[in-house]
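# need a 3D model of the following:
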Amino acid sequence: MKRYQLLFALLASFVALPASAQDNLFTGDTRLACEAVLCLSSGTRPSECAPSLRRYFSIDARKLSDTIKERKNFLQLCPAASQDDNMRALVNDIANGAGRCDAASLNASTMVWRGRFDDSGNRYISNRLPSHCSNYANNAYTDVPLARYVGDPERGGYWVEASRYEEAFAEYNRLLAEQDQRYGNGNGREVLR
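Okay, the predicted model is just below:
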């Protein structure tokens, strides 16, 4: 229920205005920032989110820390973003997590190398979810599905979108069983790829 408080707080910013002031509804980056907060707080993103998300994700600095800071500054243009500690935490969690916690990003950012970087046999994808992703997904005002990890890191495990988990898990187990049969019931410990 807390997750819907965000929606009500932002809607109150729009609706609670007297009729004469409604002609001055948010426009420009202020409007896009408020829409981005709403859209990035939900796992469902209707087509109306496209302009605000395009604006949000177009913010891309040379350093990741600068990108996060600039995106956070953009979201803070929404008046509701500084309404209380919960909203400030939401903006921070969105800036740190949105666009960095999907399966593709996690498969790239949680890659771990053992030994030399050029030896592809010595790398694996960790199953440890970064804290910025758990903060984003577990914020009281968000309803975003977390990517899920399939398999064993030592045997080719990887992240998938939550909606594909069952399918990916079944395929992983099928390939693992084939491999175990081929290499002698698990003694091969080969990595799936």
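# where's the closest residue to Ser134 other than its chain neighbours relative to Asp84, distance?
Sequence neighbours aside, Leu146 is the residue nearest to Ser134 in space, at 7.6 Å (criterion: CB to CB, 6 or more residues apart in numbering). Quick note: C-beta positions are derived from backbone N, CA and C, even for glycine. Distance of Leu146 to Asp84, computed by CB to CB, to the nearest Å: 25 Å.
# compare these two (neighbour count), which wins?
With other CB atoms under 10 Å as the criterion, Leu146 and Asp84 differ in neighbour count, and Leu146 comes out ahead with 20 against 11.
# quick one: contacts for that one?
101, 129, 133-134, 137, 162 (CB atoms under 8 Å, 6 or more residues apart in numbering).
# and those, which two are the farthest apart?
Farthest apart among these by CB to CB are Ser134 and Ala162. That separation is 13.8 Å.
# which strands and helices lie in contact with the helix or strand that Ser134 is a member of?
Using DSSP states H and E, Ser134 maps to helix 131-138. Judged by 3 or more CB pairs under 8 Å, 6 or more residues apart in numbering; DSSP states H and E, helix 131-138 is in contact with helix 85-97.
# what's the helix it packs on in contact with?
Taking CB under 8 Å, 6+ apart as the rule, helix 85-97 contacts 5-6, 9, 36-37, 40-41, 68-69, 71-72, 75-76, 80-82, 132-133, 135-137, 139-142.
# next one: that helix to chain centre, how far?
13 Å (CA atoms, centre = their mean, to the nearest Å).
# so what's the gap between the helix or strand following it and the chain middle?
Next helix or strand after helix 85-97 toward the C-terminus (DSSP H and E): helix 103-109. In terms of CA atoms, centre = their mean, the centre of helix 103-109 is set 10 Å apart from its chain centre.
# so which bits of helix 103-109 are buried?
Residues of helix 103-109 classed as buried: 103, 105-107 (neighbour count, 16 or more other CB atoms under 10 Å).
# what's the domain layout of this structure?
Listed by automatic domain parsing, the domain ranges of the chain are 3-97, 103-183.
# centre of the chain to the last one, how far?
Between the centre of domain 103-183 and the centre of its chain there are 14 Å (CA atoms, centre = their mean).
# what's the end-to-end length of it?
End-to-end distance for domain 103-183: 29 Å, by CA to CA, to the nearest Å.
# pLDDT of that domain, averaged?
If you average the pLDDT over domain 103-183, you get 89.
# buried stuff in the longest helix along the chain?
Determined from DSSP state H, the single longest helix within the chain is helix 165-183. Judged by neighbour count using 16+ other CB under 10 Å, the buried positions of helix 165-183 are 165, 168, 172, 176, 179-180.
# against which helices or strands is that helix packed?
Against helix 165-183 (3+ CB pairs under 8 Å, 6+ apart) you get strand 148-150.
# partner strands of the strand it packs on, parallel or antiparallel?
strand 158-160 (antiparallel) (DSSP bridges).
# buried sites along the partner strand?
Here strand 158-160 shows 158-160 as buried, counting by 16+ other CB under 10 Å.
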